[in-house]
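Colleague: Please find the sequence and the predicted model below.
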Number of protein chains: 2
Amino acid sequence: MSDRADGMNYAPKGKRNLVVKPGEFVFSVIGLDHGHIFGMTNGLLEAGAVLKNVHDPDKKKVAQFIDTYPQAKYARREDILNDAGIHLVASAVVPCDRCDLGVEVMRAGKHYFADKPPITSLDQLVRARAAAAHTGRRFVVYFSERLHVESAVYAGELVQAGEIGKVIQVIGLGPHRINLPSRPPWFFDKSKYGGLLVDVGCHQIEQYLFFSGATDATVTSAQWANYSYADAYPLFEDFADCNLLGDNGTTNYFRIDWYTPEGLGVWGDGRTVILGTEGYLELRKYIDVGRSATSDHVYLVNNRRQEHIEAAGTTGFPFFGQLIRDCLNGTSTSMTQEYIFKAVELSLLARDRATRLPGFAGGAK
Amino acid sequence: MSDRADGMNYAPKGKRNLVVKPGEFVFSVIGLDHGHIFGMTNGLLEAGAVLKNVHDPDKKKVAQFIDTYPQAKYARREDILNDAGIHLVASAVVPCDRCDLGVEVMRAGKHYFADKPPITSLDQLVRARAAAAHTGRRFVVYFSERLHVESAVYAGELVQAGEIGKVIQVIGLGPHRINLPSRPPWFFDKSKYGGLLVDVGCHQIEQYLFFSGATDATVTSAQWANYSYADAYPLFEDFADCNLLGDNGTTNYFRIDWYTPEGLGVWGDGRTVILGTEGYLELRKYIDVGRSATSDHVYLVNNRRQEHIEAAGTTGFPFFGQLIRDCLNGTSTSMTQEYIFKAVELSLLARDRATRLPGFAGGAK
């Protein structure tokens, strides 16, 4: 379950870095619709969490999950929700259903860890914010393209250390492999996956907020297209981009698409370019195309040096341990609740204000 | 005069590839305000043109030019314009004066080869279009960031050959080194250099039109900022970006700035990323940061392969020979007159509709 050629089942594994004693933090899983659940589970286990139950209506998915994690016992949904011994429920249910499950989980007194996109409408967001405020439970999101990427963790440390001065702009490129014909029907239905600017865009926006330090932003431009799949999948979006202006004066541009070619050895040539007043960083997250098949290449140029850093194996994935400690301690070391909701909100606003591009003049052929 | 660390004096040299007999095509130079004139002159000489005269009011600049090209004789401006033996006048006069010099040159029966940006206002553009139509002379622009870059020439051939399918989007990153304190006063005065979206943006827009095949475009978003120099140079712009939607349905995003750090071995880490339906190209034009100090790296990924191509020394710079033959034959092999004016027009429209970004919240410090 760590297929680098296949983004939907890409489940990074890291070093174990236990933050709890055995049995101190217990989680269960409800909803296996997206393969990200394996990455989410890996991260929690490596930080010392105990996996107790799994639930999905699809018995084959449950069997595959238990095959990977034999400690997981199948349980009914309501039994998981009612189990006072469970601290957190993780879910990769279909995107449009993630929020309401989270509200239910929080009302049942548990923290919630959702795959991205966790929320597909502004009214869902209102419910999630209210539930978090009323229950005091955390609604956390698996922003895997930063949290589960060592080059991104490393770059965050370089930015924090002032290596590139003040951040001016973040550019993100998030191409993904479409992996036809393996995708489930909901993958192509905007009402279910939320639209490309939500589904994949929320990764990009979270990275922008993280690297720039902006706490809010305005969507200055957003657009999407369906260049190649309008006949087969009219509700699909295969290309989108977006510009944001942050409240600290920084800006963001990102492009996301489903155009990873077959010749690339990984599911996407994800890049992040961070421009600062005194230098810049480029992350080649999953491959260094044409140069190296390994992941996590950081390129740093500032007024003192030019450096290529191989970040794989350096930082691990501190997010998961921080998340667990935050749940237990009531802290916000991993990220604040408002930060999470803001990244999600901006992805929804970007989608809702986006214009549709016309596609190729004369059609796709 | 081929200083790779210094964009303003970056004057590539290529292989000689004569397209004319000795004396068949004669040019002179008026206006040495920007070091690009050396690259323009090199290109014409390598294609077999004869350099006759040079004029600039600054005797030191003239002496430096003649030192590089001893065949050039100083002449008065009007003597160059009145010399029926001169086919073309090349100029790197201050940007705001380039167009009207060109109109004068064309009216004097000669072709005109301007450094970029050749035109800094829409009313200048109207005059240039009229003069080209009335005189039948050509108003040609040194879009050096494509024409004098072998990786860009090579990439054009790959796109033409269908290696990435139909082009969907072009992203351009055009960082430049500010080279303080060497810059002349006009460099910081928008009324003279035209603004960043014109000065550097026209390079990016020309590349977009070339790689995408769009013949016209709409500016969907444009913005600029002065993050770091608002006190010292209030009329300067140190950051800008822009989104275009082409008439063929393709799009363009570019970012241009004056933030090349001192640690980079060249004047700018210029990149072009061309996304197609069946693959993508990345150009690392002037350096392969952290990997190689050489220029002209092309990365191709499509459905069949992933390839790193070192394009330096492969294609030469066919533009200059094509330009000369176009002038002599009345053809448009290098590029059409309307294509040139369209790239310029879009840069002016981008600048004129651009919004100003606020800069850093709390100021530059």
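Modeller: Good, I have the coordinates.

Colleague: rest of the way, CA atoms for contacts and neighbours
Modeller: OK.

Colleague: Contact residues of chain A facing chain B?
Modeller: Contact residues (C-alpha under 8 Å from any C-alpha of the partner chain) of chain A with chain B: A:221, A:228, A:247-250, A:259-264, A:275-280, A:289-291, A:299, A:301-308, A:357-361.

Colleague: One more pass at 6 Å, please.
Modeller: A:248-249, A:261-263, A:279, A:290, A:301-308, A:359-361 (C-alpha under 6 Å from any C-alpha of the partner chain).

Colleague: Show me which of those are buried.
Modeller: Neighbour-count burial (16 or more other C-alpha atoms under 10 Å in any protein chain shown) applied to these gives A:248-249, A:261-263, A:279, A:290, A:301-303, A:306-308, A:359-360.

Colleague: can you tell me which of the residues you listed lies nearest to B:Val198?
Modeller: The closest of those to B:Val198 turns out to be A:Gly249 (C-alpha to C-alpha; 22.8 Å).

Colleague: All the strands of the stretch 251-365 of chain A, residue numbers only.
Modeller: Applying DSSP state E, counting those that start in this stretch to the stretch 251-365 of chain A gives strands spanning A:251-257, A:271-276, A:279-284, A:297-302, A:306-310, A:355-356.

Colleague: Mind giving me the packing neighbours of the last one?
Modeller: Read that as strand A:355-356. strand A:217-225 (3 or more C-alpha pairs under 6 Å, 6 or more residues apart in numbering or on different chains; DSSP states H and E).

Colleague: Tell me which residues of the strand it packs on come out buried.
Modeller: For strand A:217-225, by 16+ other C-alpha under 10 Å, it's A:217, A:219-225.

Colleague: Format the residues you listed as JSON lines; extra columns: distance to A:Leu180 and pLDDT.
Modeller: Listed next are these as JSON lines, based on distance: C-alpha to C-alpha, whole Å; pLDDT from 0 to 100:
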{"residue": "A:Ala217", "distance to A:Leu180": "35", "pLDDT": "98"}
{"residue": "A:Val219", "distance to A:Leu180": "31", "pLDDT": "98"}
{"residue": "A:Thr220", "distance to A:Leu180": "33", "pLDDT": "98"}
{"residue": "A:Ser221", "distance to A:Leu180": "30", "pLDDT": "98"}
{"residue": "A:Ala222", "distance to A:Leu180": "26", "pLDDT": "98"}
{"residue": "A:Gln223", "distance to A:Leu180": "24", "pLDDT": "98"}
{"residue": "A:Trp224", "distance to A:Leu180": "20", "pLDDT": "98"}
{"residue": "A:Ala225", "distance to A:Leu180": "18", "pLDDT": "98"}
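
Colleague: and which of the residues you listed is nearest to chain B?
Modeller: When the buried residues of strand A:217-225 are ranked by distance to chain B (C-alpha to the nearest C-alpha), A:Ser221 comes first, at 6.8 Å.

Colleague: Surely the closest one touches A:Asn243?
Modeller: Yes - if you go by C-alpha atoms under 6 Å, A:Ser221 and A:Asn243 touch, sitting 5.0 Å apart.

Colleague: any idea how far the residue most central in space within chain A lies from A:Phe239?
Modeller: Nearest residue to the geometric centre of chain A (C-alpha atoms, centre = their mean): A:Phe143, 2.3 Å. Distance of A:Phe143 to A:Phe239, computed by C-alpha to C-alpha, to the nearest Å: 20 Å.

Colleague: Kindly report the same for A:Gly359.
Modeller: 10 Å.

Colleague: repeat for A:Asp100
Modeller: From A:Asp100 over to A:Phe239 (counting by C-alpha to C-alpha), the distance is 28 Å.

Colleague: Likewise for A:Asp3?
Modeller: Taken as C-alpha to C-alpha, the span from A:Asp3 to A:Phe239 is 24 Å.

Colleague: for whatever residue of the stretch 1-150 of chain A ends up closest to chain B, what are its contacts?
Modeller: Taking C-alpha to the nearest C-alpha as the measure, the stretch 1-150 of chain A has A:Ala5 as its residue closest to chain B, at 13.3 Å. Shown in contact with A:Ala5 (C-alpha atoms under 6 Å, 6 or more residues apart in numbering or on different chains): A:265-267.

Colleague: Just among those, which is most surrounded?
Modeller: With neighbours taken as other C-alpha atoms under 10 Å in any protein chain shown, the top of the contacts of A:Ala5 is A:Trp267, carrying 26 neighbours.

Colleague: Skipping its backbone neighbours, what lies nearest that one in space?
Modeller: Taking C-alpha to C-alpha, 6 or more residues apart in numbering or on different chains, and ignoring the residues beside it in sequence, A:Trp267 has A:Ala5 as its nearest neighbour in space, at 4.4 Å.

Colleague: right, and the helix or strand after the helix or strand encompassing A:Val29?
Modeller: When elements are assigned from DSSP states H and E, A:Val29 belongs to strand A:26-30. Next along the chain after strand A:26-30, taking DSSP H and E as the criterion, comes helix A:36-46.

Colleague: Rounded mean pLDDT for that following helix, please.
Modeller: Across helix A:36-46, the average pLDDT comes to 98.

Colleague: pull the longest helix from chain A.
Modeller: What stands out as the longest helix in chain A, according to DSSP state H, is helix A:337-353.

Colleague: who touches that helix?
Modeller: A:197-198, A:202, A:205-206, A:219, A:222.

Colleague: Name the nearest of these relative to chain B.
Modeller: The closest of these, once distances to chain B are taken by C-alpha to the nearest C-alpha, is A:Ala222, at 9.6 Å.

Colleague: Identify the bridge partners of the closest one.
Modeller: Per DSSP bridges, the residues bridged to A:Ala222 are A:Cys242.

Colleague: can you pull the contacts of it?
Modeller: So A:Ala222 contacts A:241-242, A:350, A:354 (C-alpha under 6 Å, 6+ apart).

Colleague: how much space between it and A:Gly174?
Modeller: A:Ala222 is 15 Å from A:Gly174, by C-alpha to C-alpha.

Colleague: And for stretch A:7-22, what's in contact with it?
Modeller: A:1-4, A:35, A:38-39, A:46-48, A:267, A:316, A:321.

Colleague: any idea how far A:Ala132 lies from A:Leu88?
Modeller: 14 Å.

Colleague: And those two? Which one has more around it.
Modeller: The residue with more neighbours, out of A:Ala132 and A:Leu88, is A:Leu88; 27 against 20, by other C-alpha under 10 Å.

Colleague: Would you confirm that the more buried one contacts A:Lys110?
Modeller: Yes - counting by C-alpha under 6 Å, A:Leu88 touches A:Lys110, with 5.1 Å between them.

Colleague: Check for me that A:Val54 belongs to a helix.
Modeller: No - using DSSP: H, G, I helix; E, B strand; the rest coil, the secondary structure at A:Val54 is strand, not a helix.

Colleague: Give me the buried positions along the longest helix of chain A.
Modeller: A:337, A:339-352.

Colleague: any idea which of those is closest to chain B?
Modeller: A:Ala350 (14.6 Å).

Colleague: Can you pull the phi/psi pair for A:Arg107?
Modeller: phi -70, psi -30 (degrees, to the nearest 10).

Colleague: Could you tell me the end-to-end distance of stretch A:217-234?
Modeller: End-to-end distance (C-alpha to C-alpha), stretch A:217-234: 31 Å.

Colleague: for stretch A:64-75, that is, sorry about that
Modeller: End-to-end for stretch A:64-75, by C-alpha to C-alpha: 15 Å.

Colleague: Now do it: distance to the chain's middle.
Modeller: Offset of stretch A:64-75 from its chain centre (C-alpha atoms, centre = their mean, to the nearest Å): 23 Å.

Colleague: what residues does that stretch touch?
Modeller: So stretch A:64-75 is contacted by A:51-55 (C-alpha under 6 Å, 6+ apart).

Colleague: Alright, calling it a day.
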